[in-house]
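In: here is the input, now give the coordinates:
(one chain, ligands or ions: 2)
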Amino acid sequence: MKQIAPSILSADFMNLQRDVQNLEKAGADLLHVDIMDGMFVPNMSFGPQVVTGLRPLTTLGLDVHLMVEQPERYIEQFAAAGSDLIMIHAEATQHLYRGLQMIKDAGVKAGVVINPGTPVSAIEPVLSLVDQVLVMTVNPGFGGQKFIPAMLDKVTELATYRDQHADADYTIEVDGGVNDQTIGACAKAGADVFVAGSYTFAGDLATRIATLKQAAHDAD
Ligand code: DX5
Ligand code: ZN
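Out: Ligands and ions are numbered 1, 2, ... in the order given. Alright, predicted model coming up:
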């Protein structure tokens, strides 16, 4: 099933409760939560206390994307805060396998993320361990950037790998520049989960989410 995961990076932070509840009513499947540390990426967002605050406000799964150097330092905090899935970047840690094990040991689903410059081969050794692979379709750090079509080959490669390996059982997520024009190609390439920040919030939430779902479904 194709899932739409609006990124709350594009929400009104002073009205986060309202926006999150509106997203749930509007048909979002998951909430994508972008954590930025000002080191791994140039921008900063917020920390685990915001996840703690969000948790009782929604029944939607919290899809937590850590754009943080040495993310293993914060895994326990984000797990305790109520994350359903925690994703760490392959580029952000010397100990990717250990980091993913830490997430699983904390009782949370584990995901690995690759930047546009990182090939799928860099994460092949952990593909049997993860519940989700996130292919960045922009350089991480900011919402509202332009989709990089060359990333679609990585989505196809991950879908093929999953078909060919019985021990691989992950969803494929795309993040960055996903909108009504780009989502079809992502779905066609094999993506299952679609993060959309600026597109979702640039109009009526329910209409935007329904448009994305339809476009993903039609292309599949
Ligand atoms: C970018 C973040 C994204 C971002 C997507 O670093 O990881 O989740 O919010 O925003 P849009 O959909 O506007 O590209
Ligand atoms: Zn993200």
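In: and the closest residue to ligand 2 within the chain, what does it touch?
Out: In the chain, the residue that lies nearest ligand 2 is His65 (3.8 Å; C-beta to the ion). Using the backbone N, CA and C atoms, a C-beta is placed for each residue, glycine as well. His65 makes contact with His32, Val33, Asp34, Ile35, Met87, Val113, Leu134, Asp175, Val195 under the criterion C-beta atoms under 8 Å, 6 or more residues apart in numbering.
In: now it: how far from Val138?
Out: 13 Å (C-beta to C-beta, to the nearest Å).
In: what touches both of the two?
Out: Overlap between the neighbourhoods of His65 and Val138 consists of Asp175, taking contacts as C-beta under 8 Å, 6+ apart.
In: count of neighbours near Gly107?
Out: The criterion is other C-beta atoms under 10 Å. On that basis, Gly107 has 8 neighbouring residues.
In: ditto for Glu69
Out: Glu69 has 15 neighbouring residues, counting by other C-beta under 10 Å.
In: that one: what's it in contact with?
Out: Listed by C-beta under 8 Å, 6+ apart, the contact partners of Glu69 are Asp37, Met39, Phe40, Ala92.
In: residues in contact with the closest residue in space to the first one that isn't next to it in sequence?
Out: Leaving aside its chain neighbours, Asp37 sits nearest to Val68 (4.3 Å; criterion: C-beta to C-beta, 6 or more residues apart in numbering). When contacts are counted by C-beta under 8 Å, 6+ apart, Val68 is found next to Ile35, Met36, Asp37, Met39, Phe40, Tyr74, Ile88, Ala92.
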